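Trainee: This is the structure alone, sequence omitted:
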């Protein structure tokens, strides 16, 4: 990706637009990214025409041309070790930890030296779905007033990136040389989620009707746990051992 | 102007759009104003059709309906005791003092108790003209990168107002009082540790020799996960289900 100056901290940020509908918004989001030096755009399940229009718009940037498309949130965040979502909702309505943008941006900046960070924005109309949120470690909210909370998509992107870049002189955290202490990637957390779901199924305690909701609940919790790479490995080992045992029991009958 | 809660500091800010051309931009600027609680919009020499379109757009706010029109910048800022302009230009090109947004916003906040402040934004294409700038006490710039300085108008408005409101102490919602979101007690974490160890033993994967070390490792990890009371319950339920299944398999042989 030739547009990127490799090695700058912002090079580790992936701006992920989930289900964006309006080509003008996608274009405006890309422009704000370029303004502040965030050059990696990912789109998930974009309304196809919107994305193609935005891409071919006059003056569309190289950034937009290099945007990556993904069919699912899971795939779009797989290589990221921190996944932060944005929302206009209040804590009351949410099942995730919620940070003010200011604090959220500070937390993100700290992570930029140790891995890639995904910053998720939902669609213009409904924001992030519960499924999309279940892939997030935590959420952050731009402090708008209660009487008019919901912001324009491209403006939200602009403000979040402004806040991230605002004090970019701030020293970034040192790399931890021990790989097992590094944050687990989203792909690893997803692997734990999948094995745990398999183990639940094997235990016979998973209701088919509520399986999807349980899966989201479990994924949310695992993201909240902020697993290290070593933790993910430990959980995988333990859960697989239990899974094998349960399946062995089944076969022996 | 009935939309305004009189007496709040932001009530002293006049957002002044000079020569805006695009109705979508005017509408989006108004939306950002409403998001952050700035309710006084003034437009100078707006491309007339644009302004009328924006005003009559579906969902156009009361704010937009109450926007005041002025033929000149001089008239639009006449009652203000501080006039701050925005620009994408660098100091080299300017004949005005130039502040970073962060410092400019701090200076504006200090003035809000002693009089009205005008915040000027130029047109999409050329920004503020020299004539318009000549009415300003000083200018401020959003710190975009040199390779792509010029921002979308409505995004600039959104970011400037965000910065003005950023430290205004708008309290976020209180922590969810829901008990399941409270941190788990150490006793609960210990209960999860114990059930997990029991499940590991049942799976046959626990070496007797290293059991004590594994137990410490698992306990440390669970404490690092910062479980909520709800998380502890969820883990206990899942692990017990697996444990029962493994023991059932054992008995059936």
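Mentor: Yep, it's here. This structure is a prediction, so every number in the text was calculated from the model and none was measured. Numbers count the residues shown, from 1 in each chain, chains lettered A, B, ... in the order given.
Trainee: the helices in the stretch 151-253 of chain A, which residues?
Mentor: A:153-166, A:186-203, A:211-224, A:229-252 (DSSP state H, counting those that start in this stretch).
Trainee: With chain B as the reference, name the closest of these.
Mentor: helix A:229-252 (1.7 Å; Cβ to the nearest Cβ). All C-beta spots, glycine's among them, are computed from the backbone N, C-alpha and C.
Trainee: tilt between the closest one and helix A:186-203?
Mentor: Angle of helix A:229-252 versus helix A:186-203, following axes from the mean of the first three to the mean of the last three Cα atoms, to 10 degrees, is 20 degrees.
Trainee: and helix A:229-252, how far from the chain's centre?
Mentor: 27 Å (Cα atoms, centre = their mean, to the nearest Å).
Trainee: how about stretch A:41-59: buried residues?
Mentor: Buried residues in stretch A:41-59, counted by 16 or more other Cβ atoms under 10 Å in any protein chain shown: A:41-47, A:50-51, A:53-55.
Trainee: what's the distance between stretch A:94-103 and the middle of its chain?
Mentor: On Cα atoms, centre = their mean, the centre of stretch A:94-103 falls 14 Å from that of its chain.
Trainee: Endpoints of that stretch, how far apart?
Mentor: Start and end residues of stretch A:94-103 are separated by 18 Å (Cα to Cα, to the nearest Å).
Trainee: which other residues reach it?
Mentor: Applying Cβ atoms under 8 Å, 6 or more residues apart in numbering or on different chains, the set of residues contacting stretch A:94-103 from outside is A:85, A:87, A:90-91, A:107, A:133, A:136, A:138-143, A:159-160, A:163, A:217, A:220, A:224, B:166, B:172.
Trainee: so how many other residues sit close to the residue lying closest to residue A:221 once chain neighbours are set aside?
Mentor: Closest residue in space to residue A:221, ignoring its immediate chain neighbours: residue B:231 at 5.3 Å, by Cβ to Cβ, 6 or more residues apart in numbering or on different chains. By other Cβ atoms under 10 Å in any protein chain shown, the residues close to residue B:231 number 25.
Trainee: and residue B:231, what pLDDT?
Mentor: Note on residue B:231: pLDDT of 93.
Trainee: how far away is it from residue A:99?
Mentor: 19 Å (Cβ to Cβ, to the nearest Å).
Trainee: How about residue A:248?
Mentor: Taking Cβ to Cβ, one finds residue A:248 at 44 Å from residue A:99.
Trainee: still on that earlier bit, could you tell me the least trusted of the helices of the stretch 151-253 of chain A?
Mentor: helix A:229-252 (a mean of 88).
Trainee: what's that helix in contact with?
Mentor: Taking Cβ under 8 Å, 6+ apart as the rule, helix A:229-252 contacts A:179-185, A:188-189, A:191-192, A:195-196, A:198-199, A:202-203, A:225, A:227, B:196, B:199-200, B:202-205, B:217-218, B:221, B:224-225, B:242, B:245-246, B:248-250, B:252-253.
Trainee: Using the three-state scheme, assign residue A:83.
Mentor: Under DSSP: H, G, I helix; E, B strand; the rest coil, residue A:83 falls in the strand class.
Trainee: what about it, neighbour count?
Mentor: Counted with other Cβ under 10 Å, residue A:83 comes out at 26.
Trainee: Next: residue A:220.
Mentor: 23.
Trainee: likewise residue A:186?
Mentor: Neighbours of residue A:186 (other Cβ under 10 Å): 27.
Trainee: quick one: the residue nearest to residue A:221 and residue B:224, what's the gap?
Mentor: 13 Å.
Trainee: contacting residues for the residue nearest to residue A:32 when sequence neighbours are not counted?
Mentor: Take residue A:32 and drop its neighbours on the chain: the residue closest to it by Cβ to Cβ, 6+ apart is residue A:158, 3.8 Å away. The contact partners of residue A:158, by Cβ under 8 Å, 6+ apart, come to A:28-29, A:32, A:35-36, B:151-152, B:155, B:158-159.
Trainee: So which of those residues is the closest to residue B:8?
Mentor: Ranked by distance to residue B:8 (Cβ to Cβ), the contacts of residue A:158 are led by residue B:158 at 19.1 Å.
Trainee: gap between the closest residue to residue A:70 other than its chain neighbours and residue A:16?
Mentor: Distances taken as Cβ to Cβ, 6+ apart place residue A:76 nearest to residue A:70, at 3.9 Å, with adjacent residues excluded. Per Cβ to Cβ, residue A:76 is found 5 Å from residue A:16.
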